[in-house]
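*Asks:* next input, structure requested:
(2 chains, ligands or ions: 4)
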Amino acid sequence: MSGPSEVEGIKARSQFLRGSLKESVADEHTGAIRADDTMIIKFHGSYQQDDRDLRAERAEQKLEPLYSFMLRVRMPAGVATPAQWLKMDELARTYGNDTLKLTTRQAFQLHGVLKRNLKATIQGISSVALDTIAACGDINRNVILSANPEQSDAWQQVYPHVQAVATHLLPKTKAYHEIWLDGELVEGGEPEEEPIYGPTYLPRKFKTAFVVPPVNDVDVFAHDMGFIAIFDNGKLAGFNVTVGGGLGSTHGDKTTYPRLADVIGFVTPEQLLSVAEHIVTTQRDHGERSVRKHARLKYTIAKHGIDWFKRELEARTGFALAPAREFTFDHNGDRFGWVDGTDGRAHLTLHIDGGRVVDRDGKRLLSGLREIAKIHAGDFRLTPNQNLVIANVPARLRGRIDALVAEYGMGQYQTVTPLRRDALACVSLPTCSLAMAEAERYLPDFVGKVEALLEQNGLLSFPLNLRITGCPNGCARPWLAEVGLIGKAPGRYNLYLGGDAAGTRFNQLYRENIDEPTILAELAPLFGRFASERKPTERFGDWLHRAAVLTAAA
Amino acid sequence: MTASSPLPTPLGDFRQHPLARELAALSSEQLLWLSGYAYGLAQRGAGAVAAVPATDSKPALTATVLYGSQTGNAKRLAEQLHSELQAQGIAARVLRASDYPTRELAQEKLLLVAISTQGEGEPPEDSIALFKFLASNRAPKLPQLKYAIFALGDRSYNQFCAAGKNLAGLLDKLGASEWQPRVDADVEYDADAKRWRADIVEQAKKLQPVSSAPSAQVLPLRPATAAHYHRDKPFPAPVLAVQKITARDSSKDVRHIELSLAGSGLSYEPGDTLGIWPRNPALVVDAVLATLALDGESPVVIDGEALSLRRWLSEKRELTQLAKPVLERYQQIAQQEKLAELLKPAQASALQAFLTAHQFLDVLQQFPARLSAEQLVSVLRPLTPRLYSIASSQKLVGDEVHLTVGVVDEQTDAGRRVGAASRFLADLNDSETVEVFVEHNPAFRLPDDDSRDLILIGPGTGIAPFRAFVQERAERAAGGANVGKIWLFFGNQHFTSQFLYQTEWQAALKSGALSKLSLAFSRDQAERIYVQHRLREQAKAVYDWLERGAAVYLCGDAKQMAPDVHAALREIIAEQSGKDLTYADEYLDRLREEGRYRRDVY
Ligand code: SRM
Ligand SMILES: Cc1cc2nc3c(=O)[nH]c(=O)nc-3n(C[C@H](O)[C@H](O)[C@H](O)COP(=O)(O)OP(=O)(O)OC[C@H]3O[C@@H](n4cnc5c(N)ncnc54)[C@H](O)[C@@H]3O)c2cc1C
Ligand SMILES: Cc1cc2nc3c(=O)[nH]c(=O)nc-3n(C[C@H](O)[C@H](O)[C@H](O)COP(=O)(O)O)c2cc1C
Ligand code: SF4
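*Replies:* Ligands and ions are numbered 1, 2, ... in the order given. I've put the predicted structure just below:
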């Protein structure tokens, strides 16, 4: 066995996530921070990036890469008040790249924040009671929750538990306050403790999701730890517990793979915090710390077995998990348009192309949502599909909000095809340092080409779940789509087919490393057959299996 | 050779010779002159020395030709005058103002000065110390002195030829008398200069005692490396690279340019400048032709030179810089009421503002007239070369020469306006050549002592010579020299797009070639921050460096930056020394005298 990875050393030396961040940020000669600090700053919710479109050009210009920072805001369940929205919008325009990114895990991301503006930006975020603590890094990250407005009663019952788990699993270090918020220095070295995490935190990122069936918008099986809310006659009874989901893998490395989480039992709301804490500590103590590629909980479980994991957990909590309860999921998309709540308030779900809130081509989302935030009396909810719910709108405001939606060209949810409405892409180029091919920037174009194919087969109004990512890390959860494209190289993708509509079945690799014409040529005959062979409500992903297309190809 | 072994010379151990001590006090230019003088003597055979009615008894007229020059115009004029005087057998020496031994002033009989004006009415860098001396209590009375001044300037500046005028005033005050009327010359000074030189030589001949035999014909000798390429015979340097070094979204376009001097015999030192003969960009020439509806192919003969109109305009005439005489000649044809108004003496400042912000195209647009091809060429003034600080050290780049050029290119309401040389250079590609010459700049050299610390202040394109300095010092260090620390101050508008040579400075900091780098990006925050603010912030360290012998170099913008930085240095010295601004002025004067405060501003 090899020793701990380099990152483990950096964490250990960082004195509870301080590293040399202060010095790094103060260094005026570069827009970058020191190499070690690029690991540490993740725990503070930020990634160092550079504009990859400009890299080669700037090297010739004798300029360093255009370094900037992505900031991810931690918002349990993706809830933001209008005041918070307005502040994020302002920060995006002052320090960011004039866009707000709504992520697949219900967070805001600012892109393009220069080092010298990091502090002011984080202070701005803090001024509206938000933070970026542990939004990234080897730690429990933003806790997500179904955004489905149709179940606002159920949502209300689950939400406090989301907040409780999120707060319980926060790090205790004051480094963040010290470095960014001019908080008081904790005197004399390391008096701090991280009772849950210890000084080296977790071996790897850790993700928690809550879901309210039957909508699986969070793709609960893709997360390290999941809680499926179970209701008895409309009252929250507790949660089925899932562990060991995760999607990231490396092209060509069979020891890495996406894995669906296992359901290991049921807990009551009272047991929830203890179970959550000890799933985390089990991974803390048993997760792989030498090879980061194998450090997610899914590999810990694959290595020791799910039964071992359950025993270990029960030994730590001191109680046995009850058997899992019945649940069903029907789909993992969002429900668009207006939905009436039970309390006279209504919710409007808008489609946000690629989760990117921006003024572009007559669709002035950034300006329009700013105007809505100015008059909105309820709150906003970011969905796990990069869309946005304008929640809790009193009846009197519906008309005004509709008018603003129309005025600013934000009504795509009413007009676009189901394909476009449900399609997802990760950020990818130009900011993501790991991207191998385009995703967010390519999605609108590619969807148009698939729409043309669907139209030829009379399928244009038929739902089809398409997801694209720029690399096999899987940030837009592409393995759970009916059609998934995973980037291999500029302009080339692996084509995956056959996920289900509910996010419970992975798709399969269908063709490797192909370009757009080939992708379309592969899809065209399948759409043709599907159009003639499908049962009335059958989805493409299911048909592929029934028709044995996949087994034939595999 | 060890220090003790005597040099085998015709004079025995020359170090013991009385001449040796005298020679040690001379500047390199004086030595060069002397070598030519001695050579001339030798040519005339033994005994010639005796024939020279020399030194002690009845001296022939010895005139001193003095120049104060920033971009080489006054220097060239002075050198021409000097050789013309010598050709007439009139003993004379030529000196840069900074090399003038002020203790000889009291004996000086005839002082012939060519001096330009810089900044806003200031003397050139090389003359500042002399001006201060003349204005100080130490200056002797000068009743014996006759002087003549040729002042070079530019009428578009408020303080036209101020340095020449001020010098006259200072000399008058000390009791000197004006020998020939001062000439205040505008940018087109060639004809005036020719006349002045002729007058001087004529009058000087009259002063010459009739009996005295012509003295030695001095054959000007050049250092062994001296090139046969010069301003009027430029070298066609192949272009090696033209690279934009500001980012895509930068409001300023700055180019790093690499040229080859291979085979030219040209050499340079860090601090020198490269002269460039530009061609007017085609877009400027085309616009002028189109506005006047003239055919570029029509042949034009002026002073016996026959070229197509297009070639006249692109290679021979100034189109982008205006001057009053051009407007006056234009007006003779145009007869435009509005232009007549502008040319009235009462409108001097309006005229000046016009000249500095407009080009010939603007004149054509604002005061339309019909000109024939011949008229057009005669109205315009000859194209002049532009100077650029050399941004490389030959120790590192060998036969190459690098420049850092800020491109003048603006979209105005009246159309696109570009700078002749900077646009021309930016558009070169590497199959082309550009006509260049080296303009040596001894006033802006690295200290002889490598171990001296340096404070380099060069915002904007002012960074150029310091790239050469840092390269040179790094190479010298690699060769075993014990080199001092370098502290560089750089500034521009934006960090991400205009940090010129960023990756090179980062590497220099890493390698130790650069010890400290202070940056001021003026528009990256609400308040404007410039290099002088960074200097003030680091006042204590700056003063410590100075106290420990550091030399300060300043390069770049003459209008705003240089005075602001100077003011900051004054304040820092006053405050840190615990004394006052008068003390600070003396301190800076002393630095200047010791060659520890050098500036190259434009
Ligand atoms: C913004 C977001 C995609 C989006 O378009 O919405 C995103 C963006 C990035 N992800 Fe992700 N991931 C995002 C959700 C996901 C998901 C989906 C999910 O969690 O529901 C996954 C798959 C699930 C999983 O974790 O396995 C995911 C798996 C990864 C991985 C692979 C992890 C693994 O175990 O192999 C990486 C790379 C890594 O961690 O080394 C990664 C890394 C990244 C980084 C930070 C690239 C990096 O490490 O330098 C990307 C930043 C791009 C940028 O410029 O913004 N991201 N990432 C999502 C932010 C979620 C959030 O708010 O926290
Ligand atoms: C010693 C010395 C060193 C130098 N070193 C450098 C160096 O290292 N790097 C560098 O970049 N420069 C340097 N310069 C400046 C350089 O010599 C040139 O002056 C500069 O590049 C501009 O020349 P140009 O031919 O491009 O512009 P020009 O052809 O001289 O055009 C400029 C003229 O255009 C007119 N004009 C400008 N803007 C407008 C407008 N908007 N509308 C109408 N008319 C307008 C003005 O009349 C202005 O005088 C140095 C100068 C000196 C004296
Ligand atoms: C930065 C700068 C400032 C100048 N300021 C003045 C001035 O104030 N008054 C003036 O008459 N000429 C001014 N000139 C014009 C010069 O005196 C003129 O170009 C002269 O020919 C330069 O001669 P030199 O090459 O010997 O320095 C200025 C030139 C430059 C480059
Ligand atoms: S999937 Fe890959 S390319 Fe896309 S955002 Fe995640 S890490 Fe970047």
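*Asks:* B:Gln80: which element?
*Replies:* Assessed by DSSP states H and E, B:Gln80 sits inside helix B:73-87.
*Asks:* for that helix, packing partners?
*Replies:* Applying 3 or more Cβ pairs under 8 Å, 6 or more residues apart in numbering or on different chains; DSSP states H and E, one finds that helix B:73-87 contacts strand B:62-68, strand B:91-96, strand B:110-116, strand B:146-152, helix B:190-207. For glycine as for every other residue, the C-beta is placed from the backbone atoms N, C-alpha and C.
*Asks:* list the buried residues of the longest one.
*Replies:* By that I understand helix B:190-207. B:Asp192, B:Ala193, B:Trp196, B:Arg197, B:Ile200, B:Ala204 (16 or more other Cβ atoms under 10 Å in any protein chain shown).
*Asks:* pLDDT and distance to ligand 2 added to the residues you listed, as a markdown table?
*Replies:* Listed next are these as a markdown table, based on pLDDT from 0 to 100; distance: Cβ to the nearest ligand atom, whole Å:
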| residue | pLDDT | distance to ligand 2 |
| --- | --- | --- |
| B:Asp192 | 95 | 21 |
| B:Ala193 | 97 | 19 |
| B:Trp196 | 97 | 23 |
| B:Arg197 | 97 | 24 |
| B:Ile200 | 96 | 27 |
| B:Ala204 | 92 | 31 |
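*Asks:* just send the helices and strands packed on helix B:73-87 back as TSV, with distance to A:Gln271 too.
*Replies:* As requested, the helices and strands packed on helix B:73-87 are exported to TSV (distance: least, Cβ to Cβ, whole Å):
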stretch	distance to A:Gln271
strand B:62-68	91
strand B:91-96	91
strand B:110-116	89
strand B:146-152	92
helix B:190-207	98
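*Asks:* three-state assignment of A:Leu485?
*Replies:* strand (DSSP: H, G, I helix; E, B strand; the rest coil).
*Asks:* is it in a bridge, and if so with what?
*Replies:* Under DSSP bridges, the beta-bridge partners of A:Leu485 are A:Ile468, A:Leu495.
*Asks:* ok, B:Thr273 - contacts?
*Replies:* B:Thr71, B:Leu387, B:Tyr388, B:Ser389, B:Ile390, B:Val438, B:Glu439, B:Asn441, B:Asp600 (Cβ atoms under 8 Å, 6 or more residues apart in numbering or on different chains).
*Asks:* tell me how far the third one lies from B:Gln243.
*Replies:* Same thing as B:Tyr388. Look at B:Tyr388 and B:Gln243: by Cβ to Cβ, to the nearest Å, they are 15 Å apart.
*Asks:* who's more crowded, the two?
*Replies:* Using other Cβ atoms under 10 Å in any protein chain shown as the criterion, B:Tyr388 and B:Gln243 rank with B:Tyr388 on top: 25 against 12.
*Asks:* for the closest residue to the more buried one other than its chain neighbours, give me its contacts.
*Replies:* Closest residue to B:Tyr388 apart from its sequence neighbours, by Cβ to Cβ, 6 or more residues apart in numbering or on different chains: B:Leu403 at 4.5 Å. Counting by Cβ under 8 Å, 6+ apart, B:Leu403 touches B:Arg255, B:His256, B:Ile257, B:Leu259, B:Leu274, B:Tyr388, B:Ser389, B:Ile390, B:Ala391, B:Leu425, B:Ala464.
*Asks:* residues from the stretch 451-600 of chain B in reach of ligand 2?
*Replies:* Residues of the stretch 451-600 of chain B lying close to ligand 2 (Cβ under 6 Å from any ligand atom) are B:Thr461, B:Ala464, B:Asp600.
*Asks:* can I assume the second one sits in a helix?
*Replies:* Yes - assessed by three-state DSSP, B:Ala464 belongs to a helix.
*Asks:* hmm, B:Gly406 and it touching each other?
*Replies:* No - counting by Cβ atoms under 8 Å, B:Ala464 sits too far from B:Gly406 to count as a contact (9.7 Å).
*Asks:* which parts of the stretch 301-450 of chain A are strands?
*Replies:* A:337-340, A:345-350, A:356-357, A:359-360, A:363-364, A:379-382, A:388-394, A:424-425 (DSSP state E, counting those that start in this stretch).
*Asks:* for B:Leu327, which non-adjacent residue is closest in space?
*Replies:* B:Leu343 (6.3 Å).
*Asks:* ok, now B:Ala237?
*Replies:* B:Leu259 (4.1 Å).
*Asks:* quick check: which helices or strands does the helix or strand harbouring that neighbour pack against?
*Replies:* Under the criterion of DSSP H and E, B:Leu259 resides in strand B:254-260. With contacts taken as 3+ Cβ pairs under 8 Å, 6+ apart, strand B:254-260 sits against strand B:235-244, strand B:400-406, helix B:420-426.
*Asks:* contacting residues around the longest one?
*Replies:* This points to strand B:235-244. Residues contacting strand B:235-244 (Cβ under 8 Å, 6+ apart): A:60-62, B:227, B:229, B:253-262, B:264, B:266, B:400-401, B:425-437.
*Asks:* now the angle from it to strand B:254-260?
*Replies:* Here strand B:235-244 runs at an angle of 150 degrees relative to strand B:254-260 (axes from the mean of the first three to the mean of the last three Cα atoms, to 10 degrees).
*Asks:* near residue 478, how many residues? Count them for me, please.
*Replies:* In the absence of a named chain, chain A is used. 30.
*Asks:* my question was about chain B, not that one.
*Replies:* The burial count for B:Ala478: 13, using other Cβ under 10 Å.
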